[in-house]
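In: Next one to model:
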Amino acid sequence: MEQEQTSQFPPARTARDRRGKMAFVGVIIVVGLVIYLNQRKDPQLPGWDGDLAAATAQAKAGGGKVVLLFLHSPMTETDKRIVGTLTRADSSVRVLEALKWPHVRLWTSDKRAAQYAVTETPTLLLLDGDGKIIRRKQDYLNDLQFCNDFLGVSPSQASTMPK
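Out: Purely as a prediction, here's the structure:
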């Protein structure tokens, strides 16, 4: 009987095997980096202007108010949550559109943060046309708290407002 000779050593690795493994590791690193950078990216606030002077002038001329939001850069998790409420929550978006009040987003690094004594984020301010604070809320607000408590308008009232 002929016996097969088996080697105690694994087969020699070829250069092709090494390149394949390195390519796999490279793909894993790139995918991980893309995921990490995507999570670090601050969410956008479409429709939220950065011009407070124009917003207060518009509010003064139209008899409305200004919604001012201060955020930290880069945004904290609480900042990101309130941005989600203000941009994706049906009631908040609908009420802001119905009121037609200008809404402004500023960073805490802006000089007006000191003017309004902003010490933490997120900070929401409701201003009159002269830029005086009517209402202040620091920390997170959910959709209904933002509409009812902060703006003083229920979502059902907003649906009856003229467009």
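In: Domain parsing of this structure, as residue ranges.
Out: Split into domains by automatic domain parsing, the chain comes to 14-40, 52-160.
In: need those domains in CSV with distance to residue 46 and mean pLDDT, can you?
Out: For every residue, glycine as well, the C-beta is placed using N, CA and C. Putting these into CSV (distance: least, CB to CB, whole Å; pLDDT from 0 to 100) gives the following:
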stretch, distance to residue 46, mean pLDDT
domain 14-40, 18, 83
domain 52-160, 7, 91
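In: among the ones you listed, which is the most enclosed?
Out: domain 52-160 (a mean of 17; mean count of other CB atoms under 10 Å).
In: right, and residue 84 touches residue 43 too?
Out: Yes. Shown here, residue 84 and residue 43 form a contact pair, counting by CB atoms under 8 Å, at 6.8 Å.
In: picking up where we left off before, for residue 8, which of the domains of the chain is the nearest?
Out: With CB to CB as the measure, domain 14-40 is the member of the domains of the chain nearest residue 8 (19.6 Å).
In: Show the backbone phi and psi for residue 127.
Out: Backbone torsions for residue 127, taken as degrees, to the nearest 10, come to phi -110, psi 150.
In: so what's it up against?
Out: 56, 59, 65-68, 133-134 (CB atoms under 8 Å, 6 or more residues apart in numbering).
In: For it, name its beta-bridge partners.
Out: Residues in a beta bridge with residue 127, per DSSP bridges, are residue 66, residue 133.
In: quick one on the thing from earlier: want to throw the contacts of residue 127 into JSON lines with distance to residue 142?
Out: Formatted as JSON lines, the contacts of residue 127 follow (distance: CB to CB, whole Å):
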{"residue": "56", "distance to residue 142": "27"}
{"residue": "59", "distance to residue 142": "25"}
{"residue": "65", "distance to residue 142": "21"}
{"residue": "66", "distance to residue 142": "22"}
{"residue": "67", "distance to residue 142": "16"}
{"residue": "68", "distance to residue 142": "19"}
{"residue": "133", "distance to residue 142": "22"}
{"residue": "134", "distance to residue 142": "21"}
